[in-house]
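**Q** Just to be clear, the model below is a prediction. Sequence and coordinates:
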Amino acid sequence: MARGTLRIYLGAAPGVGKTYAMLSEAHRRAERGTDVVIGYVEHHRRPRTEVMMHGLEEMPRRECEYRGTVFTEMDLDAILRRAPEIALVDELAHTNVPGSRNAKRWQDVEELLKAGIDVVSNVNIQHLESLGDVVESITGVRQRETVPDEVVRRADQIELVDMSPQALRRRMAHGNIYAPDKVDAALSNYFRPGNLTALRELALLWTADRVDEYLQEYRAEHRISAAWQARERIVVGLTGGPEGRTLIRRAARMAAKGSGSEIMAVHIVRSDGPVSGSTKELAVQRTLVEDLGGSFHHVIGDDVPDALLDFARGVDATQIVLGSSRRKPWQYVFGPGVGSTVARESADIDVHIVTHEQAAKGRGLPSARGAKLGRSRVVAGWLTGVAGPLLLTLLLTQWHPGMGQATDMLLFLALTVAAALTGGLLPALVCAVGGSLLLNYYFTRPTHSFTIAQPENIIAIVIFVMVGTAVASVVDLAARRTQQAARLRAEAEILSHLAGSVLRGESSLDALLERVRETFAMDSVVLLERDDDNPASDAWTCAASVGAVPCVRPEDADVEVAVNDRLSLALLGRVLPAADRRVLSAFAAQAAVVLDRKRLADEAGQARELAEGNRIRTALLAAVSHDLRTPLAGIKASVSSLRSADVAWSPEDEAELLAGIEDGADRLDHLVGNLLDMSRLQTGTVNPLIRELDLDEVVPRALGGVPDGSVTLDIPESLPMVAVDPGLLERSVANVVENAVKYNPPGEPVLVAASALGDRVEVRVADRGPGVPEDAKEQIFEPFQRYGDAPRGTGVGLGLAVARGFAEAMGGTLVAEDTPGGGLTMVLTLRAAAGGAPARPGLPATATT
């Protein structure tokens, strides 16, 4: 009997629609005439899921009694007797009631598959055995019901049921997933946006990995042996030619195969000019690589392969992408080319040579290169200048004698010009002198002697030497001018990039020094600053540095550029030629500007802090002038009334006046306490004494200032201990709770609940008041802020500011969120103590005390 097929719907969390999708697939199969039954589907009282079950045959469930309770499970034997074509089995990771034939539901599914029955099932990503620890670290909940990864991987089809965290939370808030009494707790704990996003990423990555396995199986079946690209750092070598865009896009496709891959495009600029290409094309390619999420780099190096490999090793690259050479086949006589050299010397770096439309079509006219005479041209020039006259003499004497002296001189002059065009001045001079001697000896009468019989021949030979020398000088001068122009062009490109960084407002000193290190191929770069207290001393401090171990004094550097009397840019790695110092000086000046800008920004920040302090002091005076005066005036009026001898107060009146004095004193104490706390926070004198304790030791004490019955407390006993300062925590909770009670509707208690999430413990204070708009949630934490139309008598607006300040002093956070159904929830996040008790397993539930 053929084994049945298994189709699994994979989801990131409960409620994404796995069961609904499974039932939809069952209806599609049934409409095509397939025999489909529901083996076991749990609708969880979700109306839409329950409706989807209508019209499908549902197998009766088996009742099991365990510890006095009756449970229902899937009747495996009934399904095997029924023998449908397809069986729907919900919750693949479910644990069967003890006493069942199989401990796990996936084992029941295995029996159905062996019987030749196709099964459609579903599972959440958190139930995979291999992801248990990861899911626990994200959600703080350990999943006890798991299924081996291999069971899911062996499925014939895996379909991901995806839903954004925002959409899933909306479904939860509308009551489409859990019962209304569980919605608030679920949204506040397991179904937090961060948890759902992380679970969604796990599901997507796991499914993508399974897709790779399917593709590898396909490649194996079809004997495809090409290697897969990994998550790598990829360096793309650009010459400035039209093939660069193809290389960048190819590298982007390689990087897209895995998360974390990085693309770095690099253009090697020789010290005498760019290798090839145009500035316009390089600008287009730079825009392209940055649009694809990569970075563009200019590097100076006389030897292109070495410079490229040095850069790749410096950035820990694992792959290099180069284009197939544009040289003609015959040009390989002068060397193997950049691609072959890089591939041979790359060692552990993979090199990819990418073909393109411009391959083997040549690089264009030599003048476009803008470079000086290379080694191959110099060698060719010397061969022409030394061997050329000898070969020409042999040709004229053996095969074409008697052509005439004028013709012979023109041929030697042409050979001299060729030597000048190829190798420059010196080969041409040698060719001219050697040619003149050969003309005299073999072609000027009397021949075979250096004697010249006719004076006009002397003039002709002298003119020949002069013309050859002049042509060689012009060619050499043109080559040197081209070299200078190319050098200036290369400097202009680098300075243009430097100016662009200034215009873009890039102010990172480390990034600028890293650019210097890359451009000049140095090991380390450091900006040294002389001690301001003693400018004449040799005491230097490091303002910023990049690379390996930097030098500590300018005299220890291989290259040193003095920016001014107190700043010096020092480089270690190699000695730079004098021509490179001009560009380096521009970088040094920019480094000084960036350093000054950074310090000015710091001073501006300090000025803003002083201005903020002045603003707070002004607000403090306003608070003292009104909010403190009000309770003082009430106390004074009550005391004056009691001391008045003109009025006989009844015991009830005296009690009322004394109660007013006590209430005013309490308000005064509260206001002064908040003012003092805010002052401590502003001056940075809050030093928390952290120790480990249980929340139920502190939180109940913090509720002493609110009316009885105004707060519902929910602190599970299984919560881990927290690392906090008891006094600061009590004051933070008290301020938050008092604020919630103040805005909560009468008769509606404020909920104070605590829960554990991984290495964090959260205290959530939820009210059902008017709430706060999203754009005002941060404003309410600023000092002296009252939201809305709160009357001035309700306080000076420091309670939440003090609460957040104390929370941050203890290493925690305090943020505001919307309460599902209306209101505001304050979330106080604290650090769990090391080695604290684990949180309760399973989805959180609310218990009121």
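**A** In hand now; what should we look at?

**Q** what about the stretch 501-650 of the chain, any weak spots by pLDDT?
**A** Where the stretch 501-650 of the chain drops to pLDDT under 70, the residues are 501-507, 532-538, 578-579, 582, 612-630.

**Q** how about the helices in it?
**A** 509-519, 581-626, 629-643 (DSSP state H, counting those that start in this stretch).

**Q** Quickly compare those and say which is most buried.
**A** A comparison of the helices of the stretch 501-650 of the chain by mean neighbour count, using mean count of other CB atoms under 10 Å, puts helix 509-519 on top with a mean of 20. The way it works is simple: take the backbone N, C-alpha and C, and place the C-beta from them, glycine included.

**Q** what helices or strands is it leaning on?
**A** Contacts defined by 3 or more CB pairs under 8 Å, 6 or more residues apart in numbering; DSSP states H and E place helix 509-519 against strand 295-300, helix 455-503, strand 524-530, strand 540-547, strand 567-572, helix 581-626.

**Q** The helix-or-strand element of the chain with minimal mean pLDDT: what's the following helix or strand?
**A** Every helix and strand of the chain was ranked by mean pLDDT, DSSP states H and E. The lowest is strand 273-274, at a mean of 46. Sequence-wise, the next helix or strand downstream of strand 273-274 (DSSP states H and E) is helix 279-291.

**Q** buried set for that following helix?
**A** Within helix 279-291, the residues scored as buried using 16 or more other CB atoms under 10 Å are 281-282, 285-286, 288-289.

**Q** Looking at those, which is nearest Val235?
**A** Of all the buried residues of helix 279-291, Val289 has the smallest distance to Val235: 11.2 Å, by CB to CB.

**Q** nearest spatial neighbour of that closest one, skipping sequence neighbours?
**A** Excluding the flanking residues, the one nearest Val289 by CB to CB, 6 or more residues apart in numbering is Ala265, at 4.3 Å.

**Q** got the angle between the helix or strand containing the one you found and strand 295-300?
**A** According to DSSP H and E, Ala265 maps onto strand 262-270. With axes from the mean of the first three to the mean of the last three CA atoms, to 10 degrees applied, the angle from strand 262-270 to strand 295-300 works out at 20 degrees.

**Q** now strand 262-270: mean pLDDT?
**A** For strand 262-270, mean pLDDT is 84.

**Q** again with stretch 477-489
**A** Averaging pLDDT along stretch 477-489 yields 69.

**Q** Could you do stretch 699-717 as well?
**A** 85.

**Q** go on, stretch 435-442?
**A** For stretch 435-442, mean pLDDT rounds to 79.

**Q** Counting neighbours, show which residues of that stretch come out buried.
**A** 435-436, 438-440.

**Q** do you know how far Gln319 is from Leu6?
**A** Distance of Gln319 to Leu6, computed by CB to CB, to the nearest Å: 38 Å.

**Q** my bad, should have said Cys551
**A** Distance, Cys551 to Leu6, using CB to CB: 66 Å.

**Q** show me what contacts Cys826?
**A** Wrong residue type there; residue 826 is Met, not Cys. Contacts for Met826 (CB atoms under 8 Å, 6 or more residues apart in numbering) come out as 736, 739-740, 764-766, 800, 814-817.

**Q** picking that back up, quick check: angle from the strand holding Ala265 to helix 279-291?
**A** Computed by the same axes, to 10 degrees, the angle separating strand 262-270 from helix 279-291 equals 160 degrees.

**Q** before we move on, the earlier item: who has more neighbours out of Cys551 and Leu6?
**A** A side-by-side neighbour count of Cys551 and Leu6, using other CB atoms under 10 Å, places Leu6 first with 23 against 20.

**Q** wouldn't Ala766 be in contact with Gly823 here?
**A** Yes - in this structure, Ala766 is within contact of Gly823 by CB atoms under 8 Å, at 6.3 Å.

**Q** Scan the contacts of Met826 and report the most crowded one.
**A** Counting neighbours by other CB under 10 Å, the top entry in the contacts of Met826 is Val736, with 28 neighbours.

**Q** Now the helix or strand harbouring it: buried residues?
**A** For Val736, the element it lies in under DSSP H and E is helix 726-743. Of the residues in helix 726-743, 728-741, 743 count as buried by neighbour count, 16+ other CB under 10 Å.

**Q** Then stretch 198-207?
**A** For stretch 198-207, by 16+ other CB under 10 Å, it's 198-200, 202-203, 206-207.

**Q** That stretch: how far from the chain's middle?
**A** Distance of stretch 198-207 from its chain centroid, counting by CA atoms, centre = their mean, to the nearest Å, is 18 Å.

**Q** any idea of the mean pLDDT for that stretch?
**A** In this model, stretch 198-207 carries a mean pLDDT of 89.

**Q** Contacts made by that stretch with the rest, please.
**A** With CB under 8 Å, 6+ apart, stretch 198-207 has contacts from 10-13, 125-126, 128, 131, 134-135, 138-139, 158, 160, 162, 164-165.

**Q** Same question for stretch 421-431.
**A** With contacts defined as CB under 8 Å, 6+ apart, stretch 421-431 is touched by 373, 377-382, 384-386, 388-389, 415-417, 419-420, 468-469, 471-473, 475-476, 479.

**Q** Narrow these to those that are buried.
**A** For the contacts of stretch 421-431, a neighbour count by 16+ other CB under 10 Å gives the buried set as 373, 377-378, 380-382, 384-385, 388-389, 415-417, 419-420, 468-469, 471-472, 475-476, 479.

**Q** And what about Leu830, helix, strand or coil?
**A** Leu830 falls in the strand class when you classify it by DSSP: H, G, I helix; E, B strand; the rest coil.

**Q** Count the residues that sit near it.
**A** Neighbourhood size, Leu830 [other CB under 10 Å]: 22.

**Q** Which positions are bridged to it in the beta structure?
**A** Beta bridges link Leu830 to Val761 when assigned by DSSP bridges.

**Q** Need the per-residue pLDDT for it.
**A** Note for Leu830: predicted pLDDT of 92.

**Q** How much space separates it from Leu728?
**A** Leu830 is 11 Å from Leu728, by CB to CB.
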